[in-house]
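Engineer: need a structure here:
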Amino acid sequence: MKSSVLLIAPLALLLGVGGTQAKTTVKIGVLSDMSGVYADIGGPGSVEAAKMAVADFDPAEHGMRVDIISADHQNRPDVGSGIARQWYDVDHVDAIADVPNSGVALAVSRVTRENNKVFLISGAGDSDLTDKSCSPNSVHWTYDTWALAHGTGSAIVNNGGKTWFFITADYAFGESLERDTTAVVKAAGGQVVGTARAPLNTTDFSTYLNEARASGAQVIGLANAGGDTINSIRQAAELGIVTGGQPLAGLLVFLSDVHALGLQAAQGLMLTTAFYWDLNDQTRAFGERFAARNGGKYPTMVQAGVYSSVLHYLQAVENVGSPEDGAKIVEAMKATRYDDPLFGPTQVRVDGRAMHAMYLLEVKKPSESKGPYDSFKVLTKIPANEAFRPLSEEKGRCSLVLNVAQSNAAAASSWSNPSLQDKLKTGQVGYEYAEPTDPAQGEIHDRLKAMHVLERLSEFLRPLRLPRPLTLKVQGCNGRINSYYWRDAVIVCYEYFDFLLKTAPREPTPEGLTRREALAGMTADVFLHETGHAVFDMLETPFLGREEDAADEFSAYMILQLAKDSARRLILGVAYLGSAQAQQEMNTAPQLSQFADVHELPAQRYYNLLCMAYGDDPKLFADAVQYWHLPETRAKNCHYEYLRFQYAFLALINPYLDQAICDEVKAKGWLAFAPEEEGSAWR
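Structural biologist: Numbers count the residues shown, from 1 in each chain. All right, here's what the predicted structure looks like:
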């Protein structure tokens, strides 16, 4: 089984990606729990998965030799880190894969970074591995506690489970899973009424379960895994806790766990996973091959993650030409977009998080199963950008995200003006309502002023750190419908607002967009688009492609990030204008000169905007496909388009935003400036 790979050529060249060298030798160590509570989810099965990846890669065909070795970390960080040092220093291992147990994984990550090797994380789940403990030498491939909490936790809270009691594995993974799920519960208006910490490999959970029962919690959350989860569920059944009205939330449940419990005991349990062998033809083919080599046992998501991460690691080694520089290999993996046979479209983010879909599953009833390991039914597919923590919530804890932004900002500053940093200040955006010379524009002037449109936009843009003042201005333009940036001023003509009034819908659109909301979106977009030009000029920001396209993306991204509560209506308002212009465009034969314009044609700008919004949040912007005709062939790749732009924005623009003021702006709703009163011309 081979995955198809699309290299992002310019970035690959920057990273020094070249052709493979003959007779390259690579050694990979699979470090797992071979005999303890996590042996069934990783263990010998992970070793088999790594061997399958090597066989499918076919090293001889690429002039390489690949050796697989393995060891048991015994769920002890000291043992795991000791093995890692031995492997790197003495045995010349180039990469370590798997490592269930987050405590061990955090220790191995540090050793890997010290030795500039590669850590392919599949079994460990602590979301800190791509947050405060992120590393340039690690790729977190399969799942994490944030994804589990927002998958299973959200589903249960939304079904009415508002009060929780946690039984938590007493080490890094359990603490992280409890923390991330607690955040989800509290965000939904729920509360945690108690928690109990159980040592790893506990055999008797009765004390903790009885404490949970006595708490009266609506849900008992199991923040553990493997054998601990199995024992918890079995003993809860024996104590009659579930039949007594307190359901269990297995926050990390594997196929092997359900098989061990049996469908009779596990039926109805909801869980979140990155992989299930019976999802599609490719996963079924892999599952059957794996089971044939693994004593009839089908793969868990951890074992599938070992297969995919090892396969793509080897492809990166081939592209770089040597396994010697681990950080360079990981950068090559980040520069590559995968169509993975097991996980679907996948891309490794700057913080090391592999972004792919997750799935909310439910354990089948015995009567629904066709045989062993036919255990789950899919409730929903969770898109990658919803499945994992967004970079916007990272808050500067991951040095990789912070370093990229700072280094690019420094580079941009040095390219433009060495003294630029000394002049940067927030609150540089002012405004001016010019008196109209045409009496017909008087009402537009008065309405804009009454609604404090420019004041609100000025506050919205206050986080920008600019080297000199920028003025937002409305004025008459002698009959020209226009907006532009010129000499430190963003100018939008009264004629342009008259055009918007004539274009906006008189009645609500099929998806419920009102005239006022459409006008608000159009108004925000035109000012933010021209502000994009101002930012590029004042900060001398480098960009690839056409400046007009970059300004469109700047506007959409600012709305999506700083006006989240209003983003859907604002974006759809902009889309309405684009749709109207596109329809008008299609009703007339295009002139050749239109294709020479610095702006893309309205239809192209319209679809690009929808793709940006859909890539950020496909659930919030389902309208993009349902009502606004974004083709599904484009929609399925919008997440990756969004991630690439987000990466550029974080590097080039984010350093010039004051993050504390950004948080204030998000809370204020400055772009909600549609009027409330009836009867105005604006309405």
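
Engineer: could you export stretch 206-215 as CSV, CA atoms only?
Structural biologist: Coordinates of each C-alpha in stretch 206-215 appear next as CSV, following Å, rounded to 0.1, in the frame of the first residue of the first chain:
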residue,chain,number,x,y,z
SER,A,206,-14.1,-0.1,43.3
THR,A,207,-13.1,2.7,45.7
TYR,A,208,-12.9,5.3,42.9
LEU,A,209,-16.1,4.1,41.3
ASN,A,210,-18.0,4.2,44.6
GLU,A,211,-16.7,7.7,45.2
ALA,A,212,-18.0,8.7,41.7
ARG,A,213,-21.4,7.2,42.4
ALA,A,214,-21.7,9.1,45.7
SER,A,215,-20.9,12.4,44.0
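
Engineer: immediately after the lengthiest helix in the chain, which helix or strand?
Structural biologist: Determined from DSSP state H, the single longest helix within the chain is helix 515-538. Using DSSP states H and E, the helix or strand that follows helix 515-538 in sequence is helix 547-562.

Engineer: what about the residue nearest to Pro323 when sequence neighbours are not counted, distance to Ile121?
Structural biologist: Among residues not flanking Pro323 along the chain, Asp94 sits closest, at 4.0 Å (C-beta to C-beta, 6 or more residues apart in numbering). To be clear about C-beta, it is placed using only N, CA and C from the backbone, and glycine gets the same treatment. Applying C-beta to C-beta, to the nearest Å, the value for Asp94 to Ile121 is 16 Å.

Engineer: and what of Asp438?
Structural biologist: Taking C-beta to C-beta, one finds Asp438 at 65 Å from Ile121.

Engineer: what about the two, which has more around it?
Structural biologist: Using other C-beta atoms under 10 Å, the more surrounded residue of Asp438 and Ile121 is Ile121, with 33 against 15.

Engineer: shouldn't that one be in contact with Trp141?
Structural biologist: Yes: with contact defined as C-beta atoms under 8 Å, Ile121 reaches Trp141; the gap is 6.1 Å.

Engineer: which neighbours do those two have in common?
Structural biologist: Residues within reach of Ile121 and of Trp141 at once, by C-beta atoms under 8 Å, 6 or more residues apart in numbering, are Ser309.

Engineer: any idea which element the most centrally placed residue in the chain lies in?
Structural biologist: Nearest residue to the geometric centre of the chain (C-alpha atoms, centre = their mean): Asn385, 3.6 Å. In this structure, Asn385 is located in helix 384-387 according to DSSP H and E.

Engineer: phi and psi next, for Val348.
Structural biologist: phi -90, psi 120 (degrees, to the nearest 10).

Engineer: the one 5 residues further on too?
Structural biologist: Backbone geometry at Arg353, expressed as degrees, to the nearest 10, gives phi -80, psi 120.

Engineer: for Gly80, same thing?
Structural biologist: Per degrees, to the nearest 10, the backbone of Gly80 is at phi -60, psi -50.

Engineer: for Gln191, same thing?
Structural biologist: Taking degrees, to the nearest 10 as the convention, Gln191 sits at phi -150, psi 160.

Engineer: distance of it from Thr168?
Structural biologist: 16 Å.

Engineer: what's the answer for Gly103, then?
Structural biologist: Distance, Gly103 to Thr168, by C-beta to C-beta: 14 Å.

Engineer: spatially nearest residue to Met301 (excluding sequence neighbours)?
Structural biologist: Phe275 (4.0 Å).

Engineer: still on that earlier bit, of Gln191 and Thr168, give the one with the bigger neighbour count.
Structural biologist: Counted by other C-beta under 10 Å, Gln191 and Thr168 do not tie: Thr168 has more neighbours, with 24 against 11.
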